[in-house]
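Visitor: Okay, sequence plus prediction incoming.
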Amino acid sequence: MERLDAVRAALARGETVYLAGIGAAGLHNSGVALIEVSRAHGPRIICNNEEERFSGKKHTHEFPRSALRALETAMKRIGIGPERIAAWLATWDYAAFAATMGRTLLEEFPASLNLLRPRETPVLNMAQLDPATRGPRHLGRALGLPGPVPFIGMPHHDNHAWFSFCVSPFARSESPVMISVIDGTGDLGSTSLYVAEKGSMRRIRCNHSVFDSLGAYYGIISSTQGGWSLLSSEGRYMGAAAYGDCDRQTNTIYPELKNILSLAPEGQVHLNRALANWQCDPFDHPYTPELTRILGAPIVAKDMWNPDAVLRVEDIHHKPNTQERLDKAAATQMVFEDALIHITDFFIRQSGSDRLIMTGGTALNAVANMRLLEHFDEAYYDRALGRRTRLHIWVPPVPNDAGVTLGAAYLFAYHAGAGVGPPMDHAFCCGPAPTEREIRASLDSAHDIAWTRLGNCSSVEGRAAIADLMAFITARDGVIAIFQGAAETGPRALGHRSIVANPCNPRTREVLNDRVKYREAIRPLAPMLTLEAAKRWFHLSDGASDDNYNAYNYMVLTARARPGARERIPAVIHADGTGRLQIVRDHADPLTYAYLKALGRRIGVEVAVNTSFNVGGPIAQTALQAIETLRRSKGMDAVLMFAEEGPVFAASHGLAHDMGNFRKWLDQWRAEIGAPALP
């Protein structure tokens, strides 16, 4: 309370305060965030540094040393030292989390004794989980301070909820706004419902259960049926579901699998322990015999990522059980959607609201988010509440635990009396922008990589020229990566660390999955596009129209393609006729926007394929990582590297000036615009 009172007093005096959120060791997606807070302007994001981006370890639960080094860079840029940080806020209330885990062990006893076996998982590493002692010591040493720096534990779901509300288009709404937090688990439970109104937030429901969890349900089934580890399985399985039978009337697995979740009165969802066994042994025996009868035996941990075990849609013609596995994925998705609709129906009737913010890890299920918009339409509100309205939805770009570092800082600022701050219109806040010195050093040390300086993007004219070159290459089916500015926070690449390609070529998906990303063909490719193109090629929901369709900015919401879209832009239309949209705005990302406008002139559509700039690991964060990703991706033609100061460089496979296709295209483009060829 002393620290909170001190911050409250400083804000009352008109001072600017800095708060840091930290996801320390032990739990997945560790990292550190910094915000600036004032009474006049509320909280403002300075950075959200995800440790995985710097360490290269996906979903890491190690102490965020590299993220802290990047934080020091950010602090130097704004002229502050660690002494200016008024409080360090942890992303969990560790005491509450420990109590919840203890209660869970007692509730599931004696079978829950299996949970006490020490083991490292993608979600949790108990050996590293010691925030009360080692964490503060590690932080003090990392900041060069003489002693430990104490953390203040903040409630996990409250963190998710308040941050997501603050940066949403609904933050200044005069009417109640619903906020649902649904994930694997928080420090009290796995589902929490909040209502925010007139600058304050109250929790109206927490299920107080670790295992009555939609996040755990989807994660464990997607992992044990798809063959990928937790946290890497959910998005892949959602993509696979589109290839299965998505009709509840004809899918033969759905009628039995739906019994795994009991949809109880007042929006409650309970796990059926007669089918699931992960509340007793999630790692070695997650299924009961009855669930094994329905789904088949689970893929065990030692076989995860084994090519013979992983679900691959390209096997559909030569593996007899592939279609059945895809139907299981579709059934899993539909059961999840049923539960989400059940919770949301209760929430709407309880609150009377027509605004919903979805956060927590399950909010990354972009298909389910679209289903909610379709279900809770004008007819529903007329029937249920006698009102002429419909549900409006918003999801932040970082609803998973990579964003809860920001949430902890935002929540503390809220308790100190700060307002909501500005709404979010981009997600470019992970780490610093690359400098010319950093880029040149990475290129000079890469003797197996050819590179050249292209020009300068510091002027509108220079940016337009580079954007046109990019479009020229895309029109010739070239594959290029964009490496510019601060990286995106969250799991989606949104134009600063993106691989882009031609959406009009039906082979683009195959090329990117087989020769660039080396990944399963079930993975959809997202359309990056202007608002005008989004309206032309997709049915945008009125329920996502707030702030000029802001909900479609972050690849967290799918939309159904309009007639003719599959024929015109086949690479970005998924098997179920949808696309996971990213609308690009000129004010938020002028380079990528200029590129899309140039594509309109070059190929006739202001649309590009967008996939993350990585190969089998986290998104490339630094210039050295960008070069290493190019090395690993033999099908990529070039990486365009944009220095903070303005210079632009192109790197490609080859030696010296031998840049393969890229050099040929560059010379052709320069000839077309009347510029001399490079020597």
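Guide: Thanks, I have the structure now.

Visitor: Backbone dihedrals for Pro176, both of them.
Guide: For Pro176, the backbone dihedrals are phi -60, psi 140 (criterion: degrees, to the nearest 10).

Visitor: contacting residues for it?
Guide: Residues in contact with Pro176 (CB atoms under 8 Å, 6 or more residues apart in numbering) are Val195, Ala196, Glu197, Ser351, Gly352, Ser353, Arg355. Where C-beta positions appear, they are placed from N, C-alpha and C, glycine not excepted.

Visitor: For those, work out which two are farthest apart.
Guide: With distance counted by CB to CB, no two of the contacts of Pro176 lie farther apart than Ala196 and Gly352, which are 13.9 Å apart.

Visitor: And those two? Which one has more around it.
Guide: Counted by other CB atoms under 10 Å, Ala196 and Gly352 do not tie: Ala196 has more neighbours, with 25 against 14.

Visitor: Specify which member of the contacts of Pro176 is nearest to Gly227.
Guide: Looking across the contacts of Pro176 and measuring by CB to CB, the closest to Gly227 is Arg355, at 38.7 Å.

Visitor: wait, that closest one sits on Met178?
Guide: Yes. With contact taken as CB atoms under 8 Å, Arg355 and Met178 are classed as touching, separated by 6.4 Å.

Visitor: so of the contacts of Pro176, which ones are in strands?
Guide: Here DSSP state E is the test, and the contacts of Pro176 give Val195, Ala196, Glu197, Arg355 as lying in strands.

Visitor: Next one, pLDDT for the first one please.
Guide: In other words, Val195. The predicted structure scores Val195 at 98 on the pLDDT scale.

Visitor: With the one 3 residues further on instead?
Guide: The predicted structure scores Lys198 at 87 on the pLDDT scale.

Visitor: give me every residue that touches Tyr194.
Guide: Tyr194 makes contact with Asp158, Ala161, Phe165, Met178, Ile179, Ser180, Val181, Met201, Arg202, Arg203, Ile204, according to CB under 8 Å, 6+ apart.

Visitor: Could you tell me which of these count as buried?
Guide: Of all those considered here, the ones buried according to neighbour count by 16 or more other CB atoms under 10 Å are Asp158, Ala161, Phe165, Met178, Ile179, Ser180, Val181, Met201, Arg203.

Visitor: Out of these, give me the two with the largest separation.
Guide: The widest separation within the buried ones among the contacts of Tyr194 (CB to CB) is 15.1 Å, between Asp158 and Met178.

Visitor: Give the residue spans of the stretch 551-679 of the chain that score low on pLDDT.
Guide: Under the criterion pLDDT under 70, the flagged ranges of the stretch 551-679 of the chain are 655-658, 676-679.

Visitor: hmm, 90 instead?
Guide: Counting by pLDDT under 90, the ranges of the stretch 551-679 of the chain that qualify are 616-617, 634, 654-660, 674-679.

Visitor: In TSV, list the ones in strands among the contacts of Pro176 along with distance to Pro286.
Guide: Putting those into TSV (distance: CB to CB, whole Å) gives the following:
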residue	distance to Pro286
Val195	35
Ala196	36
Glu197	40
Arg355	37
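
Visitor: Most neighbours of all those, which one?
Guide: Ala196 (25 neighbours).

Visitor: for the residue lying closest to His415 once chain neighbours are set aside, what are its contacts?
Guide: When the adjacent residues along the chain are set aside, His415 lies closest to Leu4, with 5.9 Å between them (CB to CB, 6 or more residues apart in numbering). Contacts for Leu4 were tallied using CB under 8 Å, 6+ apart; they are Ala87, Phe412, His415, Ala416.

Visitor: Scan the residues you listed and report the most crowded one.
Guide: Neighbour counts for those, by other CB under 10 Å, peak at Phe412, which reaches 28 neighbours.

Visitor: For the host helix or strand of Gly455, output the C-alpha coordinates as PDB.
Guide: Using DSSP states H and E, the secondary-structure element containing Gly455 is strand 449-456. Extracted in PDB, the C-alpha atoms of strand 449-456 (Å, rounded to 0.1, in the frame of the first residue of the first chain):
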ATOM      1  CA  ILE A 449      24.900 -13.400 -47.500                       C
ATOM      2  CA  ALA A 450      24.900 -10.800 -50.300                       C
ATOM      3  CA  TRP A 451      23.600  -7.400 -49.600                       C
ATOM      4  CA  THR A 452      23.200  -3.900 -51.000                       C
ATOM      5  CA  ARG A 453      22.000  -0.500 -49.900                       C
ATOM      6  CA  LEU A 454      18.700   0.400 -51.700                       C
ATOM      7  CA  GLY A 455      18.000   3.900 -50.700                       C
ATOM      8  CA  ASN A 456      16.500   6.000 -47.900                       C
END
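
Visitor: Quick check: can you name the pairing partners of that strand and their directions?
Guide: According to DSSP bridges, strand 449-456 forms sheet pairs with strand 647-653 (antiparallel).

Visitor: quick one: whichever helix or strand comes after the partner strand to strand 647-653, angle?
Guide: Tracing the chain past strand 647-653, the next element assigned as helix or strand by DSSP H and E is helix 660-673. Our comparison of helix 660-673 with strand 647-653, counting by axes from the mean of the first three to the mean of the last three CA atoms, to 10 degrees, yields an angle of 140 degrees.

Visitor: Tell me which other helices or strands helix 660-673 touches.
Guide: strand 449-456, helix 460-475, strand 647-653 (3 or more CB pairs under 8 Å, 6 or more residues apart in numbering; DSSP states H and E).

Visitor: Correct me if wrong, but Thr482 is in a helix.
Guide: Quick fix: residue 482 is Ile, not Thr. No. If the criterion is DSSP: H, G, I helix; E, B strand; the rest coil, then Ile482 is strand and not within a helix.

Visitor: For it, name its beta-bridge partners.
Guide: On the basis of DSSP bridges, Ile482 takes part in beta bridges with Ser498, Leu640.

Visitor: Name all residues that make contact with the nearest residue to Pro146 once chain neighbours are set aside.
Guide: For Pro146, ignoring the flanking residues on the chain, the nearest one in space by CB to CB, 6+ apart is Gly140 at 7.3 Å. Contacts of Gly140 were listed using CB under 8 Å, 6+ apart, and they are Pro146, Gly147, Pro148, Val149.

Visitor: now do Ser262
Guide: Taking CB under 8 Å, 6+ apart as the definition, contacts of Ser262 comprise Val269, His270, Leu271, Asn272.

Visitor: Assign it to helix, strand or coil.
Guide: Under the three-state scheme (three-state DSSP), Ser262 adopts strand.

Visitor: how many other residues sit next to the closest residue to Asn277 other than its chain neighbours?
Guide: Distance criterion CB to CB, 6+ apart; nearest residue to Asn277, sequence neighbours excluded, is Thr288 at 4.9 Å. Burial of Thr288 is recorded as 17 neighbouring residues (other CB under 10 Å).
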